[in-house]
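Engineer: Dropping a prediction and its sequence here:
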Amino acid sequence: MDTDVLVVGAGPTGMMLANELRVAGVPPVLVDKLPQRSTLSKAGGVQSRTQEAFDQRGLLEPLLATGNYPAGTAHFAGITLPLTRDRHRHPWRSVPQVVIEGFLERHLAAQGIPVRRSYELTGLAQDEDGVTATFASGDVIRSRYLVAADGGRSTVRSLLGAAFPGRAGTITTVAADVRLSGDDPAMTHARSEDGHWASVFPLGTDPRGRPLRRLALGGPGRSVPREVPVTEDEIRDGLRAVFGSRVQLLELCYARRITNAARQAARYRHGRVFLAGDAAHVHLPIGAQGMNTGLQDALNLGWKLGAAVRGWAPEHLLDTYHTERHPVAAAVLRNVQAQSLLMDHQGTGDPDLTAAKDLFAALARLRDVQYHLDDVLSGMGIRYPMPAAEDLPLVGLPAPDLDLGPVRSHELLRPGRGVLIDPLDRFAKVATLWQDRVDRAGQGTGTEPMLIRPDGYVCWAGNPDDLEPALGHWFGEPHRRTELDRS
Ligand SMILES: Cc1cc2nc3c(=O)[nH]c(=O)nc-3n(C[C@H](O)[C@H](O)[C@H](O)COP(=O)(O)OP(=O)(O)OC[C@H]3O[C@@H](n4cnc5c(N)ncnc54)[C@H](O)[C@@H]3O)c2cc1C
């Protein structure tokens with residue numbers, strides 16, 4: 001084997017995964033076909049759960065220190081959710097994808113995992129022991145596992161012949177990075193009476209420190225074939241249709257057409273090959289959910305692959321990547337579909353749709369509705385199917401950030417190991433059996449006992465009798481068992 005894990009594609013998903021594998025003690029080889037990192041801004045925001053994922057590895061502070069990234073308010077179908085603003089430790093924040101990619105690439109290089117560039121995967125074969133990847137350059141890399149993080153048009157997915165069911169795009173809208181003048185709105189969703197609409201979000205600043213905005217435009221007659229270039233006149237016209245003369249285009253930095261295609265791989269695991277990020281799911285970019293879902297795919301898969309390589313993964317562990325993550329992206333596809341419909345992206349002006357949207361907007365003023373929508377969007381409401389998850393309040397959910405005296409519980413996740421919170425100091429003996437994979441903490445604190453996986457999800461809480469089975473279920477056979485039994 002040339003490497004234990006080959007990660008194909010150094011977008012946000014591939015780089016996050018490479019870091020998770022590094023933390024798990026299994027540094028991978030990470031390749032990308034591009035000779036240089038893309039400079040396109042792409043997705044514009046990080047959700048609460050993604051920020052927690054960075055924080056768990058000590059990366060959030062250094063990421064946010066690279067610039068000025070304002071906290072914002074999430075929206076569903078253009079309806080802002082102000083009551084959710086202070087709900088989580090980390091509010092929704094505008095951090096452009098290009099910043100995240102640059103940050104992760106520098107971090108990985110500093111940790112001895114440079115992105116190997118100009119490596120375009122063109123061939124793939126797998127057998128019982130591993131995967132052989134061939135590249136346009138003629139290079140061959142043999143690995144025990146391969147992860148396809150090679151984006152929505154994934155070569156790996158095609159080579160596998162993996163089913164990617166869903167819907168082809170039926171409309172296009174314009175997405176552009178711009179500087180605006182006049183009453184430049186930092187964040188808005190506006191619509192004219194005749195069905196033209198515009199969404200504006202903050203997108204950091206240009207190299208001279210001037211505010212950039214992500215602008216999305218659409219409406220009647222604006223669904224133009226994808227390959228037709230977007231012009232400045234088209235953007236000016238779209239702005240005029242919605243804002244009149246209040247907002248004007250100062251500079252068009254980059255524009256493209258996006259479609260509402262929605263597809264998801266039927267299976268995320270194909271033997272020794274795994275699909276992650278856009279390679280596994282594509283949809284209309286609303287609320288940066290594509291990038292965030294990919295980053296969280298990586299968080300889920302990293303420690304499991306690490307465990308498989310290091311030899312302690314229980315038989316079923318790698319399969320839980322599909323069972324846990326497939327429903328998450330399926331739900332994202334559904335919420336994006338609903339948002340696109342409610343936003344009337346086609347600008348039909350259908351009065352039935354307007355009536356439904358008005359009713360929805362009224363409902364969305366209710367706190368519980370805002371909380372529900374926030375659960376859907378922030379990643380904080382994701383609950384993985386786990387044994388006993390239905391009966392116990394915490395199991396399957398992201399772990400709360402516990403105050404454990406000198407440390408907070410999220411800091412204990414930095415080494416990428418499991419954490420057993422044992423406030424009553426009851427589990428020292430059983431914890432010894434897994435001490436090479438799980439740390440014990442929180443003795444003498446007034447917290448709830450719980451077992452936290454390396455990705456930050458609670459996998460046991462409550463009944464002490466269930467702890468040992470839970471440790472075995474998530475962390476494999478205790479290799480010191482025989483030794484202890486003998487003593
Ligand atoms: C132009 C653009 C604009 C976008 N705008 C938004 C937005 O406004 N909001 C939003 O939410 N989302 C947006 N998205 C979607 C969001 O960027 C994606 O969800 C996110 O990039 C997914 O990350 P990923 O790492 O899974 O895939 P990608 O970011 O697509 O990364 C895949 C990587 O794989 C590499 N690769 C591909 N094929 C091969 C191969 N054969 N061999 C080796 N390497 C390969 C590529 O070079 C690329 O670096 C946009 C995407 C694009 C492309």
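Structural biologist: In hand now; what should we look at?
Engineer: Would you mind listing what in the stretch 51-200 of the chain touches the ligand?
Structural biologist: 97, 119-121, 149-151, 155, 175 (CB under 6 Å from any ligand atom). Bear in mind the C-beta positions are built from the backbone N, C-alpha and C, glycine included.
Engineer: again with the stretch 201-350 of the chain
Structural biologist: 214, 256, 277-278, 285, 288-291, 294.
Engineer: One more pass at 5 Å, please.
Structural biologist: 277-278, 285, 288, 290-291, 294 (CB under 5 Å from any ligand atom).
Engineer: So which of the residues of the stretch 51-200 of the chain next to the ligand is surrounded by the most neighbours?
Structural biologist: Highest neighbour count within these: residue 149, with 31 neighbours (other CB atoms under 10 Å).
Engineer: what helix or strand does the closest residue to that residue other than its chain neighbours sit in?
Structural biologist: The shortest distance from residue 149 to any non-neighbouring residue, by CB to CB, 6 or more residues apart in numbering, is to residue 14 (3.4 Å). Assigned by DSSP states H and E, residue 14 falls within helix 12-23.
Engineer: Mind giving me the packing neighbours of that helix?
Structural biologist: Helix 12-23 makes packing contacts with strand 3-8, strand 29-32, helix 97-110, helix 289-310 when contacts are defined by 3 or more CB pairs under 8 Å, 6 or more residues apart in numbering; DSSP states H and E.
Engineer: helices or strands up against the third one?
Structural biologist: Using 3+ CB pairs under 8 Å, 6+ apart as the contact criterion, the elements in contact with helix 97-110 are helix 12-23, helix 60-64.
Engineer: Just want the angle from that helix to helix 12-23.
Structural biologist: 30 degrees (axes from the mean of the first three to the mean of the last three CA atoms, to 10 degrees).
Engineer: For helix 97-110, buried residues please.
Structural biologist: Residues of helix 97-110 classed as buried: 97-101, 103-105, 107-108 (neighbour count, 16 or more other CB atoms under 10 Å).
Engineer: Repeat that for the longest one.
Structural biologist: Of the residues in helix 289-310, those with enough neighbours to count as buried (16+ other CB under 10 Å) are 289-309.
Engineer: before we move on, what about the first one?
Structural biologist: Counting neighbours by 16+ other CB under 10 Å, one finds that the buried residues in strand 3-8 are 3-8.
Engineer: Tell me which two of the residues you listed sit farthest apart.
Structural biologist: Farthest pair in these (CB to CB) is 4 and 8. Separation: 14.4 Å.
Engineer: show me the contacts for the residue in the stretch 351-487 of the chain that the ligand sits nearest to.
Structural biologist: Using CB to the nearest ligand atom, the closest approach of the stretch 351-487 of the chain to the ligand is made by residue 377 at 11.6 Å. By CB atoms under 8 Å, 6 or more residues apart in numbering, the residues touching residue 377 are 47, 74, 76, 81, 92, 287, 289, 335.
Engineer: try residue 323
Structural biologist: Residue 323 neighbours (CB under 8 Å, 6+ apart): residue 385.
Engineer: Surely it forms part of a helix?
Structural biologist: Yes: counting by DSSP: H, G, I helix; E, B strand; the rest coil, residue 323 is found in a helix.
Engineer: so what's it scoring on pLDDT?
Structural biologist: Predicted confidence (pLDDT) for residue 323: 98.
Engineer: The nearest residue to residue 176 once chain neighbours are set aside and residue 312, how far apart?
Structural biologist: Leaving aside its sequence neighbours, residue 176 sits nearest to residue 255 (CB to CB, 6+ apart; 3.7 Å). Here residue 255 is placed at a distance of 49 Å from residue 312 (CB to CB, to the nearest Å).
Engineer: just residue 439 next, same as before
Structural biologist: Noted for residue 439: a distance of 15 Å to residue 312, by CB to CB.
Engineer: Which residue would be the closest one in the stretch 1-150 of the chain to the ligand?
Structural biologist: residue 11 (2.2 Å).
Engineer: And for the stretch 101-250 of the chain?
Structural biologist: Counting by CB to the nearest ligand atom, the stretch 101-250 of the chain gets nearest the ligand through residue 151, at 2.8 Å.
Engineer: what's around residue 79, how many residues?
Structural biologist: 21.
Engineer: Does it touch residue 361 like I think?
Structural biologist: Yes: if you go by CB atoms under 8 Å, residue 79 and residue 361 touch, sitting 5.4 Å apart.
Engineer: Farthest-apart pair in the residues of the stretch 51-200 of the chain next to the ligand, please.
Structural biologist: Farthest pair in these, by CB to CB: 119 and 175, 28.8 Å.
Engineer: Now do the same for the helix holding residue 14: mean pLDDT, whole number.
Structural biologist: Helix 12-23 carries an average pLDDT of 98.
Engineer: go on, stretch 136-153?
Structural biologist: 98.
Engineer: Can you list the residue ranges for helices in the protein?
Structural biologist: Along the chain, counting by DSSP state H, helices occupy 12-23, 48-56, 60-64, 97-110, 155-160, 232-243, 289-310, 320-342, 351-363, 367-378, 428-433, 467-475, 481-486.
Engineer: Redo the ones you listed as a markdown table? Include distance to residue 210.
Structural biologist: Converted to a markdown table, the helices of the chain look like this (distance: least, CB to CB, whole Å):
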| stretch | distance to residue 210 |
| --- | --- |
| helix 12-23 | 25 |
| helix 48-56 | 26 |
| helix 60-64 | 20 |
| helix 97-110 | 16 |
| helix 155-160 | 38 |
| helix 232-243 | 17 |
| helix 289-310 | 24 |
| helix 320-342 | 30 |
| helix 351-363 | 33 |
| helix 367-378 | 29 |
| helix 428-433 | 54 |
| helix 467-475 | 49 |
| helix 481-486 | 62 |
